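# Here's my sequence, what's the structure:
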Amino acid sequence: MEDMNRRLEMELEDEREMERLRETITDSEREMTVICKAAQDQWFGVIEACKHSVYVNNLNIRTSRKELEDHFGSCGTIITIEFCKDTVTYRFIGMNSARIEFTDIAAKLKAMDLADTFLKGSKIDVTSVPAPIARYRSRYSRCRRFNYHR
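Down below sits the predicted model:
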C-alpha cells in the first residue's frame, strides 16, 4: 500500500513539475513573441524607409542641407536628409554622400531622374542603394555611416 502511495505521489509530483515546465515555456514563448514583434516592427520601418530613399554621392564638400532640399524639392516632400559625416569633426567621409528620404515612391523615382545633374559644381550620382561600405571606412573609430546631426 505504501508503495502505491509513493508511486501516486511521484506521479503527482511529476505532473506538477510538467505543468510548471509548460507554464515556463509558455511565458518564454510570450516574451519571444513580444521581442520578435518589436524587432519585426523596427525592421519594417527600416525597409519602408529604404523604399522611399535615394542616396546622393559625389557631393561638393560645402553642400548644405538647404541646397539639397532646393535641388530635390521639386521631386516631392522630403522627410529627412542624412549626411555621411564624422560624428566628431562633422567632416564628410568617403564619397561625400547623403541619404534623402521622401514620403512616397513616386518622389523617389523623380529624384532618380536627377542623376548626373550638377549641384554646386559637382556632378552628382543618385542611386537607390548606398555606395559600398568600404568607401565609408575611416581611420577614425568614432565614425558612423549616417548620423542625424543638423
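# Skip ahead from the least confident helix or strand in the chain by mean pLDDT and say which helix or strand is next.
For the chain, using mean pLDDT, DSSP states H and E, the weakest element among its helices and strands is helix 2-51, scoring a mean of 70. The first helix or strand that comes after helix 2-51 along the chain, using DSSP states H and E, is strand 53-57.
# For residue 61, grab the count of nearby residues.
9 (other CB atoms under 10 Å). Yep, even glycine has a C-beta here, placed from its N, CA and C like the rest.
# In three-state terms, label it for me.
Under DSSP: H, G, I helix; E, B strand; the rest coil, residue 61 falls in the coil class.
# quick one: pLDDT of it?
If you check residue 61, the pLDDT there is 80.
# What's the separation between it and residue 126?
Counting by CB to CB, to the nearest Å, the gap from residue 61 to residue 126 is 18 Å.
# do the same with residue 12
71 Å.
# Please say which of these two ends up with more neighbours.
It is residue 126, of residue 12 and residue 126, that has more neighbours when counted by other CB under 10 Å, with 20 against 10.
# how does the protein divide into domains?
1-51, 52-136 (automatic domain parsing).
# OK, contacts around the residue nearest to residue 114 when sequence neighbours are not counted?
For residue 114, ignoring the flanking residues on the chain, the nearest one in space by CB to CB, 6 or more residues apart in numbering is residue 126 at 5.5 Å. By CB atoms under 8 Å, 6 or more residues apart in numbering, the contact list for residue 126 reads 54, 55, 56, 57, 111, 112, 114, 115.
# one more time with 7 Å
Going by CB atoms under 7 Å, 6 or more residues apart in numbering, residue 126 touches 54, 56, 111, 112, 114, 115.
# Output those in TSV, with pLDDT appended to each entry.
What follows is the contacts of residue 126, written out as TSV (pLDDT from 0 to 100):
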residue	pLDDT
54	90
56	90
111	93
112	91
114	92
115	91
